[in-house]
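K.L.:
turn this into a structure:
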Amino acid sequence: MRNTPIIENTLHILGQVSDLGKAMAFVAPAFVPLKFISEGERKARDADAQCSDLLERIMFMLSHLPALKTVEIIKLTQLVIERMNGILKDAASLIAAYHKQGAIARRLHL
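P.N.:
Purely as a prediction, here's the structure:
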């Protein structure tokens, strides 16, 4: 998801407008959906950023695994490497599945 200035500005305005509902209690119910939308979007953006960061870390770790082919590895270390490789692949699959969901589905899931 791209962070465009228009979306950022809209989220900022939504946050301010929803805070206005706290000051004027008689209109507060009208601001509840705005607050929900604003918080949902922020959480989705945070999740997207965390997924991207995790994916970069996974790719960095996986890129270093081929270097282990030239190193003599004991059996116990081999088990750890295989387990780590499996965990990284599972995490990458989870992130891929998350990114295949539509933007609206990801926001409603949060």
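K.L.:
residue closest to the middle of the protein?
P.N.:
When the chain is reduced to its mean C-alpha position, the closest residue under CA atoms, centre = their mean turns out to be residue 47, at 2.1 Å.
K.L.:
which stretches in this structure count as helices?
P.N.:
Taking DSSP state H as the criterion, the chain carries its helices at 5-23, 28-64, 75-100, 103-109.
K.L.:
including mean pLDDT, could those helices go into TSV?
P.N.:
Written out in TSV, the entries for the helices of the chain read as follows (pLDDT from 0 to 100):
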stretch	mean pLDDT
helix 5-23	73
helix 28-64	81
helix 75-100	85
helix 103-109	68
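K.L.:
relative to its centre, which residue of this structure is most distant?
P.N.:
Here, in the chain (CA atoms, centre = their mean), the farthest residue from the centre turns out to be residue 72, at 37.3 Å.
K.L.:
which pLDDT does the model give that one?
P.N.:
Reading off the per-residue confidence, residue 72 sits at a pLDDT of 82.
K.L.:
from now on call the first residue 33
P.N.:
With the count now opening at 33, the last piece we talked about shows up as residue 104.
K.L.:
need the contact list for it.
P.N.:
When contacts are counted by CB atoms under 8 Å, 6 or more residues apart in numbering, residue 104 is found next to no other residue. Every C-beta, even on glycine, is put in place using the N, C-alpha and C of the backbone.
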